[in-house]
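1. any chance you could fold what I've pasted below:
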Amino acid sequence: MRILLTGANGQLGTELRRSLAPLGELVSSTRGGTLSDGAACERADLGQPGSLAELIDRARPDVVVNAAAYTAVDRAESEPDLAFRINAEAVGELARACAAAGARLIHYSTDYVFSGENERPWREDDPTGPVNTYGASKLAGEEEIRASGCQHMIFRIAWVYAAHGHNFLRTMLRLAGEREVIQVVDDQHGTPTPAHWVANASAKVIAAGHRGSGTWHLAPQGQTTWYRFADSIFRIAREKGLPVRSQEIAAVSSEAYAAGASRPRQSVLDSRRASLELGIQLPGWRQGLCEVLEQCK
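-> Sure, this is the predicted structure:
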């Protein structure tokens with residue numbers, strides 16, 4: 001099996017390089033054409049959608065795993081054209097190239113395609129209604145894939161983090177050494193998801209040869225808020241002996257925090273369909289946090 005991976009230097013892409021390597025010949029690609037260790041790789045710049053069909057022709061993959069995306073949620077409000085070019089237009093080009101080549105596309109979307117106005121976890125068939133530009137661009141990318149006719153699997157994921165890259169956990173650990181008090185939003189609900197769990201689940205599905213097209217939610221069990229997640233990060237980090245001082249965390253509202261983009265208040269994803277149809281059930285989010293903090297050591 002020949003697998004083309006885009007976004008290979010990102011926090012999810014880094015984990016996918018590890019999980020996909022045993023499945024066959026892995027062709028990694030990044031925007032600049034080099035991996036984080038300096039090694040050369042294919043170049044896949046989703047900011048230039050017209051170059052992607054040529055990449056598919058050259059790489060001749062059986063499966064394309066697209067881990068590249070525009071993920072700067074706040075900045076997307078002032079860069080909507082770029083967000084849509086990367087998250088929608090380029091994804092459409094990639095999907096149509098996959099359809100023409102007979103390649104299967106694995107793509108990652110987001111909880112932000114939903115409005116956040118729900119009293120229960122979001123199911124795959126719930127009406128979408130993004131409240132920010134990032135969510136709207138990711139939803140447009142989903143629609144481009146479905147319209148392309150390619151064989152595809154879209155995985156919606158949420159609150160993804162890892163021991164590397166730019167994410168909430170690493171930001172909290174950094175701020176612990178810089179501030180006496182850290183303000184964290186306590187009225188947005190979701191489920192923190194380790195990137196290595198998403199990568200392992202993706203590899204499992206690809207190895208199993210699942211052929212049906214569709215959309216699935218991939219989230220651990222349970223839910224929390226950003227404030228309670230931060231509190232758990234510091235508590236468990238200290239238990240594991242990481243050099244994190246006792247930290248005062250102040251719970252604030254979304255309005256008081258005043259981020260550049262609106263966020264959905266309810267981002268919990270219902271992942272029962274992935275369990276029933278794909279045999280994937282992620283453990284509880286606290287177990288994932290323990291694993292990632294162990295990696296941080």
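2. so V64 sits in a strand?
-> Yes - judged by DSSP: H, G, I helix; E, B strand; the rest coil, V64 forms part of a strand.
3. and it, what does it touch?
-> V64 makes contact with I3, L4, T6, I56, L94, C98, A103, R104, L105, I106 under the criterion Cβ atoms under 8 Å, 6 or more residues apart in numbering. Using the backbone N, CA and C atoms, a C-beta is placed for each residue, glycine as well.
4. before we move on, what SS does the closest residue to the fifth one other than its chain neighbours have?
-> Setting aside the residues directly before and after it, L94 is nearest to L52 in space (Cβ to Cβ, 6 or more residues apart in numbering), at 5.1 Å. Here L52 is recorded as helix under three-state DSSP.
5. thinking again about what came up before, just among the contacts of V64, which is most surrounded?
-> Sorting the contacts of V64 by how many neighbours each has (other Cβ atoms under 10 Å) puts L94 first, at 30 neighbours.
6. separation between it and C41?
-> 17 Å (Cβ to Cβ, to the nearest Å).
7. for this protein, what helix or strand is lowest in average pLDDT?
-> Ranking every helix and strand in the chain by mean pLDDT, DSSP states H and E puts helix 254-257 at the bottom, with a mean of 85.
8. what mean pLDDT does the longest helix belonging to the chain have?
-> When the chain is parsed with DSSP state H, its longest helix is helix 133-148. Averaging pLDDT along helix 133-148 gives 98.
9. tell me the contacts of the residue nearest to Q151 when sequence neighbours are not counted?
-> Closest residue to Q151 apart from its sequence neighbours, by Cβ to Cβ, 6+ apart: R104 at 4.6 Å. R104 makes contacts with D62, V63, V64, C98, C150, Q151, H152, M153, R211, as judged by Cβ under 8 Å, 6+ apart.
10. same check on R146?
-> H152.
11. burial check on the closest residue to V73 other than its chain neighbours, number of neighbours?
-> Once flanking residues are discounted, V73 sits nearest to Y134: 4.5 Å by Cβ to Cβ, 6+ apart. Around Y134 there are 27 other residues, counting by other Cβ under 10 Å.
12. Y134 reaches Y70, doesn't it?
-> Yes - counting by Cβ atoms under 8 Å, Y134 touches Y70, with 7.3 Å between them.
13. those helices in this structure, which residues are they?
-> Under DSSP H, the chain gives helices at 11-20, 52-59, 80-84, 90-101, 133-148, 168-175, 195-208, 226-239, 254-257, 272-278, 285-296.
14. redo those as TSV? Include distance to R245.
-> Output for the helices of the chain, formatted as TSV (distance: least, Cβ to Cβ, whole Å):
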stretch	distance to R245
helix 11-20	25
helix 52-59	47
helix 80-84	37
helix 90-101	43
helix 133-148	33
helix 168-175	11
helix 195-208	26
helix 226-239	8
helix 254-257	23
helix 272-278	39
helix 285-296	16
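15. what's the burial count for A219?
-> Counted with other Cβ under 10 Å, the neighbours of A219 add up to 29.
16. picking up where we left off before, unless I'm mixing things up, the residue nearest to L94 is touching A90, no?
-> Yes - L52 is in contact with A90 according to Cβ under 8 Å; the separation is 6.3 Å.
17. sorry, back to before: by mean pLDDT, show me the worst of the helices of the chain.
-> When I compare these, helix 254-257 is least confident, with a mean of 85.
18. just the residues contacting it, thanks.
-> Q183, V185, D187, Q188, S262, R263, R265.
19. in contact with T14: list those residues for me.
-> A8, S36, A162, H164, G165, A195.
20. distance of the third one from F114?
-> Translated: A162. 23 Å.
21. got the phi/psi numbers for the residue lying closest to G116 once chain neighbours are set aside?
-> Nearest non-adjacent residue to G116, counting by Cβ to Cβ, 6+ apart: P264, 2.5 Å away. Backbone torsions of P264, given as degrees, to the nearest 10, read phi -70, psi 140.
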